[in-house]
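Participant: here is the input, now give the coordinates:
(one chain, ligands or ions: 1)
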Amino acid sequence: MKTRQLGKDGPQLTIIGLGTWAIGGPWDWGWGPQKDEDSIAAIRESLEQGINWIDTAPVYGLGHAEEVVARALEGYKREEVFIATKCGLVWDDRGRVDRNLHPESIRREIEASLKRLKTDYVDLYQHHWPDQKTPVEESWAVMVRLQEEGKVRYIGVCNYDVPLLKRCSAIAPVQSLQPPYSMVKRDIEKEILPYCHEHQIGVVAYSPLQTGLLTGKVSKERLAPDDWRHKSEFFKEPKYSRVQKLVEQLRPIAERKNITLAQLAIAWVVSQTGVTSAIVGARNAQQARENAAAAEVELTPADLQEIDALLADFRP
Ligand SMILES: NC(=O)c1ccc[n+]([C@@H]2O[C@H](COP(=O)([O-])OP(=O)(O)OC[C@H]3O[C@@H](n4cnc5c(N)ncnc54)[C@H](OP(=O)(O)O)[C@@H]3O)[C@@H](O)[C@H]2O)c1
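Facilitator: Numbering: from 1, shown residues only. Below is the predicted model:
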């Protein structure tokens, strides 16, 4: 599978990474019931198809996703798979989640992640969401310390804007940013993506399928009652119908290219200047296979122009 360098001096990551939010199973922000066997099959199939990196987080299933990742990777050599995880969303014994990037909390979190992931080091450690209560300089300084101690190889952030990226970069380089990015969520194009490109900060884009909607296979009716997507603005009007309409407009392009809508949506994200890799969620081996094959899709300048004309008419 095609690879790109992560940031200025990072490793080669495949242009598609596997996301593991949904495979965490049920919690307040879960995606409904999920069988661990299916999750393990999704992870192994992704690796089989050539994907070389996995994105996870402690909070996905309140520890469960990291444990499932560890189970799926039994039998693999540690250096074969690049593991990214995060810190900054912590939960109490009633499962209530709060933001916390205090250095002491980050230190507790890395030890817990290493234990759950059954490893001595994490490849990419990321702040998950900004924490207004802790100066980012303190939260970033401890990441540098963890890197020096060898507990993490690279350090990055998620969901940060340019001012926060600048404050971190003043202390130590930011290897990567993980922002939301899809055909229907393009906020980063104005400022964040150009900034990262200019400063050689890797961009690993999340939710490229807009949590499944851009596959054309996911509908409100299909969701389990406890699926967090019921709370998503994209599953409410007017966005929901607008995206459905766009999907129907994209369908002929996918058919002409003999690819699926999911593959078209992923290929579009990784075709954008400044994007290193797209993190795509998969809940079973079949989804994993379909999504990984998107790495082979070539969108021509004419394809991109046609898609962009449709997107120009789309009102998010
Ligand atoms: N840093 C952050 O704050 C943050 C936030 C969000 C996500 N992320 C990361 O990014 C990853 C990807 O984002 P995401 O999981 O939110 O959304 P996504 O990749 O846009 O969509 C994934 C979901 O779409 C459905 N799907 C996937 N492939 C499909 C296919 N081929 N056909 C039909 N349906 C398919 C699956 O759900 P169903 O089958 O249930 O529909 C799957 O869980 C996450 O897993 C996580 O690792 C990070």
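Participant: quick one: residues contacting residue 223.
Facilitator: The contact partners of residue 223, taken as C-beta atoms under 8 Å, 6 or more residues apart in numbering, are 32, 229, 230, 235. Just so you know, the C-beta spots here come from the backbone N, C-alpha and C atoms, and that holds for glycine as well.
Participant: one more time with 6 Å, if that's ok
Facilitator: Taking C-beta atoms under 6 Å, 6 or more residues apart in numbering, we find residue 223 in contact with residue 229.
Participant: the helix ranked longest in the chain close to the ligand?
Facilitator: With residue count as the measure and DSSP state H as the assignment, the chain has helix 239-256 as its longest helix. No: in terms of C-beta under 6 Å from any ligand atom, no part of helix 239-256 sits within range of the ligand; the closest distance is 11.8 Å.
Participant: and that helix, what's buried?
Facilitator: Buried residues in helix 239-256, counting neighbours by 16 or more other C-beta atoms under 10 Å, are found at 239, 240, 243, 246, 247, 250, 253, 254.
Participant: stretch 201-218 too?
Facilitator: Using 16+ other C-beta under 10 Å as the test for burial, stretch 201-218 gives 201-216, 218.
Participant: stretch 57-72 now?
Facilitator: In terms of neighbour count (16+ other C-beta under 10 Å), stretch 57-72 has its buried residues at 57-70, 72.
Participant: helices - which of those land there?
Facilitator: Where the buried residues of stretch 57-72 overlap with helices, as defined by DSSP H, the overlap consists of 64, 65, 66, 67, 68, 69, 70, 72.
Participant: closest to the ligand among these?
Facilitator: Distance to the ligand across those (C-beta to the nearest ligand atom) is lowest for residue 65, with 8.3 Å.
Participant: just the pLDDT for the closest one.
Facilitator: Note for residue 65: predicted pLDDT of 98.
Participant: then the one 10 residues further on?
Facilitator: On the pLDDT scale, residue 75 is placed at 96.
Participant: now do it against residue 40, distance only.
Facilitator: Distance check for residue 75 against residue 40: by C-beta to C-beta, to the nearest Å, it reads 11 Å.
Participant: those two: who's more crowded?
Facilitator: Neighbours per residue (other C-beta atoms under 10 Å) separate residue 75 from residue 40, with residue 40 holding more: 18 against 6.
Participant: pretty sure the more buried one contacts residue 72?
Facilitator: Yes: distance between residue 40 and residue 72: 4.4 Å, which falls inside the contact criterion (C-beta atoms under 6 Å).
Participant: up against the ligand, what does this structure have?
Facilitator: Residues of the chain that fall close to the ligand, judged by C-beta under 6 Å from any ligand atom: 19-22, 31, 55, 128, 158-159, 178, 206-212, 215, 217-218, 262, 279-283, 287, 290-291.
Participant: make TSV out of the buried residues of helix 239-256 and add pLDDT.
Facilitator: Written out in TSV, the entries for those read as follows (pLDDT from 0 to 100):
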residue	pLDDT
239	96
240	97
243	97
246	98
247	98
250	98
253	98
254	98
